[in-house]
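Participant: Structural data only, the sequence is not supplied:
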């Protein structure tokens with residue numbers, strides 16, 4: 001990119017210098033400046049293009065290279081400099097449109113488990129995670145990353161598994177539970193026996209999946225080069241015919257000048273930059289031009305579940321009460337002591353109670369057992385809220401336990417009052433309200449296959465797929481399963497978009513033709529692995545950016561065809577000797593201006609179809625916390 005910009009600036013500088021010298025009255029010196037300029041600035045283009053031709057790459061740059069060489073040999077330096085100016089300007093625009101490469105693998109590796117606490121006799125020794133051997137006994141403290149795969153020996157805790165499965169529901173770890181590297185320990189401590197070294201554990205496999213997926217994604221051929229496959233031979237044939245008829249090499253140079261594929265070089269990057277800018281106005285970041293071009297061809301979309309088609313955090317779904325109990329009063333009692341809890345579900349219950357229009361009474365003597373529950377006194381009543389293992393043993397009256405547990409929710413908080421089990425609060429993730437309209441919009445844009453992939457259990461995934469009107473869904477999927485599903489679609493000829501929001505989605509995002517990250521809550525590694533980043537906390541930007549991409553590519557193709565058509569007419573005139581090289585350069589500039597003006601339409605607002613609502617940004621939420 002820097003070299004292209006330097007060449008562009010150097011070309012302009014030589015042309016300005018020659019103009020100044022010419023104004024000062026020394027035409028000979030001005031001609032010398034132009035000759036030196038075309039040689040110095042044109043050589044890098046000639047050298048790069050020649051190397052490409054030796055490797056069998058006959059791209060759109062070939063005609064420009066021949067024009068520069070012809071201008072030097074026929075002593076037409078101003079013509080050569082004009083071609084260099086357009087070529088370097090187009091290349092600089094193209095590099096700008098391509099954007100920067102993803103740093104997903106580096107970000108994943110930086111977040112990998114780094115240390116472990118090995119239990120040696122009665123001592124605990126801190127060692128690098130890479131030094132863990134199979135069979136080692138390890139201590140995992142609160143907040144630690146699990147350093148490798150293994151099984152729990154003793155102790156209890158709750159693990160955040162979202163980096164591997166993407167699901168908000170934590171894993172309860174007790175003796176015998178299988179734990180995987182990359183899981184985040186909650187508030188308890190436990191000892192585990194290593195069953196694999198860090199380099200062969202689950203987190204390392206996620207990193208390798210991202211690396212291999214990115215390496216296997218072939219680069220997109222420039223749109224200009226696809227048209228140059230047939231336009232370049234036509235140009236060379238026109239030159240040969242012009243010279244054969246007239247025996248005048250100046251005519252050949254004139255043909256080359258007007259045929260120099262500036263419309264090919266300029267139209268696509270100008271349109272794509274406009275499309276990327278238009279997407280950014282809708283809070284969608286397209287990281288490079290290739291991603292936008294692929295978006296214009298998408299015909300299959302794969303959704304993750306948690307945080308993608310759902311809001312990604314629990315809310316109160318149901319409050320089940322024992323017979324004869326007043327629901328409103330129990331909610332007030334529970335919220336009164338939950339105000340003093342550090343558990344994230346406590347805040348959900350407090351907000352739910354307030355949003356229901358109920359006042360929350362004062363509470364005293366609140367005592368929390370981290371990760372399990374909290375007890376206190378409200379209006380003279382002893383109240384307990386928390387996990388089953390915390391609340392039920394405190395209750396003498398538990399006859400309603402079976403009916404209170406009739407629901408299928410994975411996240412629950414039990415409520416006891418005065419040694420009676422009186423309620424169970426069930427929490428569940430919620431479907432995004434815009435999902436239905438987004439799916440309809442994608443179908444309208446020509447997407448033929450839409451599927452839901454999730455690491456959650458089949459019954460839960462099926463329910464969300466039914467509510468979202470998604471006919472295809474797959475449950476209990478690890479990151480590698482999602483990658484295989486996407487690779488199968490690509491082998492079948494689909495152009496696949498994958499939409500996700502968690503670290504576990506990074507391999508699938510990298511393996512898809514276009515990965516889209518939902519990054520309203522931070523993004524991090526997921527955003528690095530993606531080609532497209534949605535900044536708004538809404539899916540509405542997804543069909544919008546597909547619409548923008550298809551319109552952008554349509555405008556780019558229009559610009560190319562208009563430019564090539566005008567160039568073809570100018571080639572005929574030049575071959576007949578009616579258009580000298582310098583006039584041809586001016587004519588080519590006029591064609592370039594027309595092409596650029598048309599391509600700039602891609603940056604204008606789309607008025608057709610359904611636009612985006614103003615997105616609502618929210619503060620990032622913390623990682624999933626233990627269930628109660």
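Facilitator: Nice, thanks for sending it over. Just so we're clear, the structure is a prediction, and the values are computed from it rather than from any experiment. Numbering: from 1, shown residues only.
Participant: what residues are up against residue 150?
Facilitator: Contact analysis of residue 150 by CB atoms under 8 Å, 6 or more residues apart in numbering lists 138, 178-179, 192-196. (Glycine included, C-beta is placed from N, CA and C.)
Participant: and residue 303, that's in a helix?
Facilitator: No. Per DSSP: H, G, I helix; E, B strand; the rest coil, residue 303 lies outside any helix segment and is strand.
Participant: chain center to the helix or strand hosting residue 484, what's the gap?
Facilitator: Under the criterion of DSSP states H and E, residue 484 resides in helix 479-491. Helix 479-491 sits 17 Å away from the centroid of its parent chain (CA atoms, centre = their mean, to the nearest Å).
Participant: tell me the average confidence for that helix?
Facilitator: Throughout helix 479-491, pLDDT has a mean value of 91.
Participant: how about the strands in the stretch 101-250 of the chain?
Facilitator: For the stretch 101-250 of the chain, strands defined by DSSP state E, counting those that start in this stretch occupy the ranges 115-120, 123-128, 137-140, 150-155, 157-160, 171-173, 178-179, 184-185, 190-194.
Participant: Please pick the buried ones from the contacts of residue 150.
Facilitator: 138, 179, 192, 194-196 (16 or more other CB atoms under 10 Å).
Participant: nearest to residue 356, of these?
Facilitator: Closest approach between those and residue 356, by CB to CB: residue 179, at 38.3 Å.
Participant: And residue 456, how far from residue 554?
Facilitator: 39 Å (CB to CB, to the nearest Å).
Participant: same question, residue 512
Facilitator: Taken as CB to CB, the span from residue 512 to residue 554 is 23 Å.
Participant: of the two, who's got more company?
Facilitator: A count of neighbours by other CB atoms under 10 Å puts residue 512 above the other of residue 512 and residue 554, at 32 against 14.
Participant: isn't the more buried one right next to residue 303, touching?
Facilitator: No. Contact criterion CB atoms under 8 Å: residue 512 and residue 303 do not qualify, at 11.6 Å.
Participant: Spit out the residues that contact those two alike.
Facilitator: In contact with both residue 512 and residue 303: no residue, using CB under 8 Å, 6+ apart.
Participant: Look at residue 303 and say how many residues are nearby.
Facilitator: Neighbours of residue 303 using other CB under 10 Å come to 27.
Participant: bridging residues for it?
Facilitator: residue 452, residue 499 (DSSP bridges).
Participant: isn't it right next to residue 431, touching?
Facilitator: No. Here residue 303 lies out of contact with residue 431, judged by CB under 8 Å, at a distance of 11.4 Å.
Participant: residues in contact with the longest strand seen in the chain?
Facilitator: Longest strand of the chain, by residue count under DSSP state E: strand 420-428. Residues outside strand 420-428 that contact it (CB under 8 Å, 6+ apart) are 314-322, 325, 327, 330, 334, 345, 348-349, 391-392, 395-398, 400-401, 404-405, 407, 409, 411-416.
Participant: one more time with 6 Å, if that's ok
Facilitator: 314, 317-322, 325, 330, 395, 397-398, 401, 404, 407, 409, 411-415 (CB atoms under 6 Å, 6 or more residues apart in numbering).
Participant: Just the buried residues from those, in ChimeraX please.
Facilitator: A single ChimeraX command selects the buried members of the contacts of strand 420-428 (16+ other CB under 10 Å):
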select :314,319,320,321,322,325,330,395,398,404,409,411,412,413,414,415
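Participant: What about the contacts of strand 420-428, which are in helices?
Facilitator: 330, 401, 404 (DSSP state H).
Participant: what's the least confident helix or strand in this protein, going by average pLDDT?
Facilitator: Within the chain, no helix or strand scores below helix 104-110, which has a mean of 57 by mean pLDDT, DSSP states H and E.
Participant: Tell me how many other residues crowd residue 180.
Facilitator: 23.
Participant: End to end on stretch 370-382, go ahead and measure it.
Facilitator: 19 Å (CA to CA, to the nearest Å).
Participant: any idea how far it is from the chain center?
Facilitator: With CA atoms, centre = their mean, you get 44 Å for stretch 370-382.
Participant: What residues of that stretch count as buried?
Facilitator: 371-378, 382.
Participant: Looking at the residues you listed, spot the one nearest residue 471.
Facilitator: residue 371 (39.9 Å).
Participant: care to break the chain down by domain?
Facilitator: According to automatic domain parsing, the chain comprises the domains 114-147+149-196, 282-303+449-546, 315-428.
Participant: Which stretch among those is buried most, on average?
Facilitator: When those are scored by mean count of other CB atoms under 10 Å, the highest mean neighbour count falls to domain 282-303+449-546 (a mean of 22).
Participant: so what's the residue nearest the centre of the chain up against?
Facilitator: A centroid search over the chain (CA atoms, centre = their mean) returns residue 530, at 2.5 Å, as the residue closest to the centre. If you count contacts by CB under 6 Å, 6+ apart, residue 530 has them with 509, 515-517.
Participant: where along the stretch 201-350 of the chain do the helices fall?
Facilitator: Here the stretch 201-350 of the chain has its helices, by DSSP state H, counting those that start in this stretch, at 202-216, 223-246, 249-259, 262-281, 289-295, 327-338, 344-355.
Participant: want to throw those into a markdown table with distance to residue 366 and mean pLDDT?
Facilitator: Putting the helices of the stretch 201-350 of the chain into a markdown table (distance: least, CB to CB, whole Å; pLDDT from 0 to 100) gives the following:
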| stretch | distance to residue 366 | mean pLDDT |
| --- | --- | --- |
| helix 202-216 | 38 | 60 |
| helix 223-246 | 65 | 79 |
| helix 249-259 | 81 | 85 |
| helix 262-281 | 48 | 75 |
| helix 289-295 | 51 | 84 |
| helix 327-338 | 5 | 93 |
| helix 344-355 | 11 | 87 |
